[in-house]
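Novice: Quick one, what's the 3D model for this:
(2 chains)
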Amino acid sequence: MKKQPQPIDEKIMKDFTRYSGTSDYIVSKDLQNDVNVSIALGRPLLIKGEPGTGKTLLAQSVAQGLGQDLLTWNIKSTTKAQDGLYIYDTVQRLNDSRFGGNDVSNIENYIKLGKLGEAFARDTQAVVLIDEIDKADIEFPNDLLAELDEMKFYIPETKKTITAKQRPAIIITSNSEKELPDAFLRRCVFHYIEFPDQELMAKIVRVHFPDLEKKMIKEAMAAFYQLRELDGLRKKPSTSELIDWLKALLAAGHNGKVDLQKDLPFLGALLKNENDYEIAAKQRQAFQKRSSLASFRR
Amino acid sequence: MVTPTEWLALMEAMSRGFAGHSLVSFYHLSRALLVKTETLFDHFDLAFREFFTGLEVPPEIFEELWQWLGKETLKREIDADALKDLPQYDWETVKKMFEERLKEQKEEHHGGNRWIGTGGTSPFGHGGNHPGGLRVGGESGGGMAVKIAAERRFKGYRRDVTLDVRQIKVALKKLRHLRRTGTRLELDVDETVDKACKNAGEIELIFNPEHKNDVKVLLLMDAGGSMYPYAKLVDRLFSAANSVNHFAEFNHYYFHNSIYDYLRPEIDGRERIPTAHILKELNPDHKVILVGDASMAPFELFMENGIIDYYDSNETAGIVWFERIAKHFRRTVWLNPMPQRYWRHPTISAIGQVFPMFHLSLEGLDEAIKKLTAF
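Specialist: Model (predicted):
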């Protein structure tokens, strides 16, 4: 007896290929897949990668691509897990009890939902971005485990449980400032955004500058990747710095007129460290010396 | 380590068809669900390559086929048992059959079991499922994924080899050690307001012992000739340590091969400070990180006047100075940039007995910092 092959559920496959990038955000195929897997499995998507590779922008693009609202929860070193769920505004309540205002006996008036709580309470599905989770205390991710697993939390002050009506898509970014706890990692889908290769980068630049001359893109990219290759750089320039640099070049009217092989204007937009600046300058001098020697020989 | 939760998640994803029918998707899917840090991607690649190598069929590209094969692959699930029943051909036969078939075939074909096309179980074309068939362009079942794994693009992210300034800084930050010390109390305003509000306005003052960061670090670096290959690495460690602003105190000195009666505050300066003076000045709480290859001629370490500088002399042997440092400070580590396999060298093993020695890699640095912060 041969087993009958199982047909793939059409709905699931349709569900699975929901996000496919947006016009202003170029996304690689495997990142697309990882976004969709994380949504389908209901697990948070953990995004890491070099600074400036568009980790935060991804969440905006996912929200836009799915036609959902984006709720951004920016994490600081003082952020507590509780803040994302709800805040009991006791100061307001005290103020009201002294000077009049809302109904003080109704504590619910003073419960304010955080970004995650808000996403749970919504009728429609939303995308929640937990930005730079590694900024917070080491225990922070662990404090959210139950809430992310069960998608509900209990408010003791009002004796109410808030359960997610629609499981939100959760995207978490990290800059690896701190190690994330294993128990937390176990529950995530992980994607590392690699630095784009020249081909993908050309596409990204196109999206930002649709009218840029081909020659200028080619030269700028060559100069940019050359710069990244330099030995000993403390901070390599990233995508967002390339975009800024191109903006500066355009604003100064450099569209295709400057030979970027010879001269690199606005280097400060690309390199943010004195030391790196010196390395690049030295390299350039050496290059110019060589090329002037070559022209002399000719 | 892959946990059952993660394995089950992969099984769920596969059973719901998320891997599609390509090994490339499987590669990315399993990596996303099983490996949670880019530092282990390279290990994953190695394992993947090891397991799946040999699946690739040499690609033979025929121009006229490209257009037929540019089509989307048909989604068709094929049972493993059914696959086994397909006739197996050796490479020569497949090639011959392919050429014959090519002569006969006059049109595009997708999803069947005989003609060249996409999907299906014919041994020719791409995206199909014939084990041991001939792939013509497109995405192969196995080869592409193995090729991706074989590229080993994440080699640079391994924890046991790389070190850049930011990584070192992150590691060094673990040294900082916030402690509530002493009996001096400071008013915790936030807690006080919170408490007062909960008490319906009854003010209750909350005090905490003072919060203080008291990490002091002493960095001693070898600037000797044999350290030149590692100069960049040591420079990175220094610039990271220097820019971490969480240390209550940060001192650094240079030495040449071994520490003798004097240390230098600048790498190439002439100024010298007596080592004994530094030991007297710095209290034993300093966490000491020594960096060096610890490799020298044995007399440099064990003999009086063993110092390599011709015009210099030392009354006390280097090893004695090292022992004094280890005795004076409570926490000391030695970071050695040389690979561990060379550590049997006599001076390395002698110094390794005085200080706990770690390899100057991110992994080693982490271990060293654990040692420095342990109680």
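Novice: is it fair to say B:His28 lies in a helix?
Specialist: Yes: the assignment for B:His28 is a helix, going by DSSP: H, G, I helix; E, B strand; the rest coil.
Novice: Quick check: it vs B:Val35, distance?
Specialist: To B:Val35, B:His28 is 11 Å away according to C-beta to C-beta, to the nearest Å. Backbone N, C-alpha and C define where each C-beta goes, glycine included.
Novice: What of B:Leu335?
Specialist: For B:Leu335, the distance to B:Val35 - C-beta to C-beta - is 28 Å.
Novice: Look up the pLDDT of the closest residue to chain B within chain A for me, please.
Specialist: At 3.4 Å from chain B, A:Thr90 is the closest residue in chain A, using C-beta to the nearest C-beta. Looking at A:Thr90, its pLDDT is 85.
Novice: and it, what does it touch?
Specialist: Listed by C-beta atoms under 8 Å, 6 or more residues apart in numbering or on different chains, the contact partners of A:Thr90 are A:110, B:194, B:197-198.
Novice: 7 Å - rerun?
Specialist: B:194, B:197-198 (C-beta atoms under 7 Å, 6 or more residues apart in numbering or on different chains).
Novice: same question, B:Gly201
Specialist: A:94, A:98.
Novice: In a helix, it, correct?
Specialist: No: if the criterion is three-state DSSP, then B:Gly201 is coil and not within a helix.
Novice: Surely B:Phe322 is in a helix?
Specialist: Yes: assessed by three-state DSSP, B:Phe322 belongs to a helix.
Novice: Among the contacts of A:Thr90, which one has the most neighbours?
Specialist: Each of those was scored for neighbours by other C-beta atoms under 10 Å in any protein chain shown, and B:Cys197 scores highest at 20 neighbours.
Novice: Please look at it and A:Leu94 and confirm they touch.
Specialist: Yes: in this structure, B:Cys197 is within contact of A:Leu94 by C-beta atoms under 7 Å, at 4.6 Å.
Novice: ok, and for stretch A:191-209, which residues are buried?
Specialist: A:191-194, A:196, A:201, A:204-205, A:209 (16 or more other C-beta atoms under 10 Å in any protein chain shown).
Novice: Any idea how far apart the tips of it sit?
Specialist: Taking C-alpha to C-alpha, to the nearest Å as the measure, stretch A:191-209 stretches 27 Å from start to finish.
Novice: anything in it near chain B?
Specialist: Yes: Stretch A:191-209 is in contact with chain B by C-beta under 7 Å from any C-beta of the partner chain, via A:191-192.
Novice: neighbouring contacts of that stretch?
Specialist: A:24, A:26, A:28, A:31, A:34, A:45, A:47-50, A:53-55, A:212, A:217, A:221, A:225, A:239, A:243, A:246, B:32, B:38, B:41.
Novice: From the residues you listed, which land in helices?
Specialist: Of the contacts of stretch A:191-209, the ones assigned to helices by DSSP state H are A:31, A:34, A:55, A:217, A:221, A:225, A:239, A:243, A:246, B:32, B:41.
Novice: which of the residues you listed are buried?
Specialist: A:31, A:34, A:55, A:217, A:221, A:239, A:243, A:246, B:32, B:41.
Novice: Now those in a markdown table, please, with extra columns for pLDDT.
Specialist: Shown next, in a markdown table, are those (pLDDT from 0 to 100):
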| residue | pLDDT |
| --- | --- |
| A:Leu31 | 88 |
| A:Asp34 | 89 |
| A:Lys55 | 88 |
| A:Ile217 | 81 |
| A:Met221 | 85 |
| A:Thr239 | 87 |
| A:Ile243 | 88 |
| A:Leu246 | 86 |
| B:Ala32 | 90 |
| B:Phe41 | 85 |
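Novice: Make a markdown table from those residues and add distance to B:Val320 to it.
Specialist: Converted to a markdown table, these look like this (distance: C-beta to C-beta, whole Å):
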| residue | distance to B:Val320 |
| --- | --- |
| A:Leu31 | 59 |
| A:Asp34 | 58 |
| A:Lys55 | 53 |
| A:Ile217 | 64 |
| A:Met221 | 59 |
| A:Thr239 | 55 |
| A:Ile243 | 59 |
| A:Leu246 | 61 |
| B:Ala32 | 55 |
| B:Phe41 | 47 |
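Novice: Is the residue lying closest to B:Thr332 once chain neighbours are set aside part of a helix or strand, or is it coil?
Specialist: Among residues not flanking B:Thr332 along the chain, B:Val288 sits closest, at 4.3 Å (C-beta to C-beta, 6 or more residues apart in numbering or on different chains). Classification of B:Val288 by three-state DSSP places it in strand.
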